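# give me coordinates for this.
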Amino acid sequence: MIFHATEIEGLVVIETKKFSDERGYFFESFHQEKFEAYIGRKVSFLQENESLSKKNVVRGLHFQKPPFAQGKLVRVPYGKVLDIAVDIRKNSTTYGAVFQIELSQDNGKQLWIPEGFAHGFASLEENSLLSYKCTNYYNKESEDALQWNDKELSIDWGIINPIVSEKDSTAQSFTTFNTPF
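I've put the predicted structure just below:
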């Protein structure tokens, strides 16, 4: 595992080394000690989720409010997505900054998104599978979201006719958002 800091403090891109031959491939997708050594703190993953999305589906920008805030370790075992993280930590020097990265089964990259970020993604291929480990359990009363197409955030999702849920279409704007982080 190779760790790369991003321009947004706490957000980390993780590359995996894939060993391939005529039989297929092998790679280590997670190593607790290496991960914690790089992150600089103990991290416990309590829940793991999967999301299968058709091409052009946009999901997000989701987060859970404290005390049920979640850090997420995101990867794509099948397909390709444009993964988005938005810094919503009010005392951060990068508050409101958007980070985007392509995650795919081919590049094997993962993204560590600590607590205090909104997260979303766009499926760039048919039946893209997103898998993510979470540091806290899902709590319905704590879930929240920002508008995926908020003008102030100005995210280029790379999709002309996105498929978006009603819930995501009616999420709050970043302009009127009062962060709990």
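
# just the helices from the protein, written as ranges.
Ranges of helices in the chain, per DSSP state H, are 32-39, 166-169.

# what packs against the shortest one?
If you count contacts as 3 or more Cβ pairs under 8 Å, 6 or more residues apart in numbering; DSSP states H and E, helix 166-169 packs onto strand 58-64. All C-beta atoms are positioned from the backbone trio N, CA, C, and that covers glycine.

# put the alpha carbons of the strand it packs on into PDB.
Output of strand 58-64 as PDB, limited to C-alpha atoms (Å, rounded to 0.1, in the frame of the first residue of the first chain):
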ATOM      1  CA  VAL A  58     -24.900  10.300  -9.200                       C
ATOM      2  CA  ARG A  59     -25.100   9.700  -5.500                       C
ATOM      3  CA  GLY A  60     -24.400  12.200  -2.800                       C
ATOM      4  CA  LEU A  61     -23.200  14.400  -1.300                       C
ATOM      5  CA  HIS A  62     -23.900  12.500   1.900                       C
ATOM      6  CA  PHE A  63     -22.600  12.600   5.500                       C
ATOM      7  CA  GLN A  64     -23.600  11.700   9.000                       C
END
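
# pull the contacting residues for the nearest residue to Ala69 once chain neighbours are set aside.
For Ala69, ignoring the flanking residues on the chain, the nearest one in space by Cβ to Cβ, 6 or more residues apart in numbering is Glu115 at 4.0 Å. Neighbour list for Glu115: Pro66, Ala69, Gln70, Gly71, Thr135, Phe181 [criterion: Cβ atoms under 8 Å, 6 or more residues apart in numbering].

# now the buried members of these.
Ala69, Gln70, Gly71, Thr135, Phe181 (16 or more other Cβ atoms under 10 Å).

# Val81 versus the fourth one, what's the distance?
Spelled out, it's Thr135. Using Cβ to Cβ, to the nearest Å, we find Thr135 at a distance of 21 Å from Val81.

# how about the helices of the chain in CSV, adding mean neighbour count and mean pLDDT?
Below are those laid out as CSV (neighbours: other Cβ atoms under 10 Å; pLDDT from 0 to 100):
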stretch, mean neighbour count, mean pLDDT
helix 32-39, 13, 96
helix 166-169, 12, 95
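
# which one, of those helices, ends up nearest to Ile14?
Ile14 lies closest to helix 32-39 among the helices of the chain, at 7.9 Å (Cβ to Cβ).

# report pLDDT for the residue of the chain most remote from its centre.
Taking Cα atoms, centre = their mean, the residue of the chain most remote from its mean C-alpha position is Glu22, at 32.3 Å. According to the prediction, Glu22 has pLDDT 97.
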